[in-house]
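Participant: Sequence isn't available, so here's the structure alone:
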């Protein structure tokens, strides 16, 4: 087996050839933020260089893959705004783009690898492998596959088959170091003892990821493989396989590889699918904007500038370069993600914000009856809400006082606000408000301010009982604009109800 040159850093770009990258998730469970970060970096790289993004579905694991997860993947990409040039629904010259529909291709390639001496049948049982691995560990040697079946004679194969043994197909690794230039990590050299021969086809004939992934990359002419750091160890194996595929005329070249840093969660551990904050659905349900979430995820290993965290997707595409990605692990910080999302909410025009909040103003999120929703009041209060919410789902609690018959009962807020002599304060405030101009929020503010002064309280202390009486909560949207929009009759009635409760 001859040796092809190691892949050159961004060689296709140097030659002016637009890159072809791929995003190839498995449809198992809900998409997670680490997966989205990988999709984003591939998409941004392709768009920055006017290249092609291939969206491929790796669904060869029938026990774990599901059609529901497949549909979620497509829906998630659409929601995020990450379009693809080839793949499901888009089609393309290398269809089909689901591995479950490409099995004949893999069987054909496996047969050619066997016929060319690049792969061989391995009859070792699991028990035999475990015994030899234990012995290697005890001797302080690498515990990978020891090449036991590498050079079996026809007689030895026949003897194994006569015993009723089945065989897997193993790829024959070269007995020399493999060096490649990682787009993120620089030059990497792996010694042969650390990359033993590996399985590419199961005993039942089913192809493994180790075969189908690089074969698809070769057939789809992928020029750059940008993927997670957890797949770095498989790269030397895939480079060796690429060399074989080139010699067989199946592949044209070896792609450039770039391995993205781990995304770390709580306790400085790699963020896994099981971590609650890893689920993309969580952020959609909470009302993150796609632009806000993508902005934050792009910062997990990359930055647009040292002193800048907020930017648009277009600005991301214009600035993105894979060689600027940091190899160090990136920590997922939910508070920072929320802060960045809030900034993107502020940047929306009011009409877009008003429309984006729509789902959280209806069942099942809204606690009020559909007929109680008042579009005119919502339109009036939306500009004030836009400056306060962190995620769109915050809107429900912020405006519920407008549409409920009575404010929510929050005992913690009531206890906090109704201190001192709330009856005297509310009585004075009510009288002042009754005489105020309800078309002017400043007039309502002066009414409460004056009531506070009469009882030796500053505005902050004076408005707290009024706010809880009217809205049910100590924290919310600007109080006096809220009173104006709720209206004189309802506001005064709620203050009366609070006084009745206090004097009962």
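Facilitator: In hand now; what should we look at? Treat the numbers as computed from the prediction; the structure is a model and nothing was measured. Numbers count the residues shown, from 1 in each chain.
Participant: Please enumerate the strands of this structure.
Facilitator: Using DSSP state E, the strands assigned to the chain run over residues 20-23, 52-55, 119-122, 168-171, 178-182, 186-190, 198-201, 224-228, 256-260, 263-264, 330-331.
Participant: Residues contacting the first one, please?
Facilitator: Think strand 20-23. Strand 20-23 has contacts (C-beta atoms under 8 Å, 6 or more residues apart in numbering) with 38-39, 42-43, 45-46, 51-56, 84, 216-217, 220-226. (Each C-beta comes from the backbone N, C-alpha and C, glycine too.)
Participant: at 6 Å instead, please
Facilitator: For strand 20-23, contacts defined as C-beta atoms under 6 Å, 6 or more residues apart in numbering pick out 39, 42, 45-46, 52-56, 221-224.
Participant: for the record, mean pLDDT for it?
Facilitator: The average pLDDT within strand 20-23 is 98.
Participant: go on, the fifth one?
Facilitator: The pLDDT scores in strand 178-182 average 96.
Participant: Okay, buried residues for it please.
Facilitator: Within strand 178-182, the residues scored as buried using 16 or more other C-beta atoms under 10 Å are 178, 180, 181, 182.
Participant: how about those in JSON lines, adding distance to residue 389?
Facilitator: Converted to JSON lines, those look like this (distance: C-beta to C-beta, whole Å):
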{"residue": "178", "distance to residue 389": "52"}
{"residue": "180", "distance to residue 389": "47"}
{"residue": "181", "distance to residue 389": "46"}
{"residue": "182", "distance to residue 389": "41"}
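Participant: In TSV: the strands of the chain, plus distance to residue 385.
Facilitator: As requested, the strands of the chain are exported to TSV (distance: least, C-beta to C-beta, whole Å):
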stretch	distance to residue 385
strand 20-23	36
strand 52-55	36
strand 119-122	62
strand 168-171	59
strand 178-182	47
strand 186-190	49
strand 198-201	56
strand 224-228	38
strand 256-260	37
strand 263-264	32
strand 330-331	31
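Participant: check contacts around residue 239.
Facilitator: Contacts for residue 239 (C-beta under 6 Å, 6+ apart) come out as 178, 180, 254.
Participant: hey, what's the first one bridged with?
Facilitator: Going by DSSP bridges, residue 178 is paired in beta bridges with residue 190.
Participant: Relative to its centre, which residue of this protein is most distant?
Facilitator: For the chain, the largest distance from the centre (C-alpha atoms, centre = their mean) belongs to residue 454, which lies 54.4 Å off.
Participant: Assess the claim that it and residue 431 are in contact.
Facilitator: No - using C-beta atoms under 6 Å, residue 454 is not in contact with residue 431, being 10.1 Å away.
Participant: re earlier: which non-adjacent residue is nearest the residue farthest from the centre of the chain?
Facilitator: Distances taken as C-beta to C-beta, 6 or more residues apart in numbering place residue 428 nearest to residue 454, at 5.4 Å, with adjacent residues excluded.
Participant: what's the spacing between that neighbour and residue 448?
Facilitator: Distance, residue 428 to residue 448, by C-beta to C-beta, to the nearest Å: 9 Å.
Participant: more neighbours, those two?
Facilitator: Neighbour totals were compared for residue 428 and residue 448, and residue 448 leads with 26 against 19 (other C-beta atoms under 10 Å).
Participant: residues in contact with the more buried one?
Facilitator: 429, 462, 463, 466.
Participant: okay, now the last one: neighbour count?
Facilitator: What that stands for is residue 466. Residues within reach of residue 466, counting by other C-beta under 10 Å, total 28.
Participant: ok, it - contacts?
Facilitator: Residue 466 sits next to 429, 448 when contact means C-beta under 6 Å, 6+ apart.
Participant: before we move on, back to that, quick check: of the contacts of residue 239, which lies closest to residue 205?
Facilitator: Nearest to residue 205 among the contacts of residue 239 is residue 254, at 27.4 Å by C-beta to C-beta.
Participant: Perfect, that will be all.
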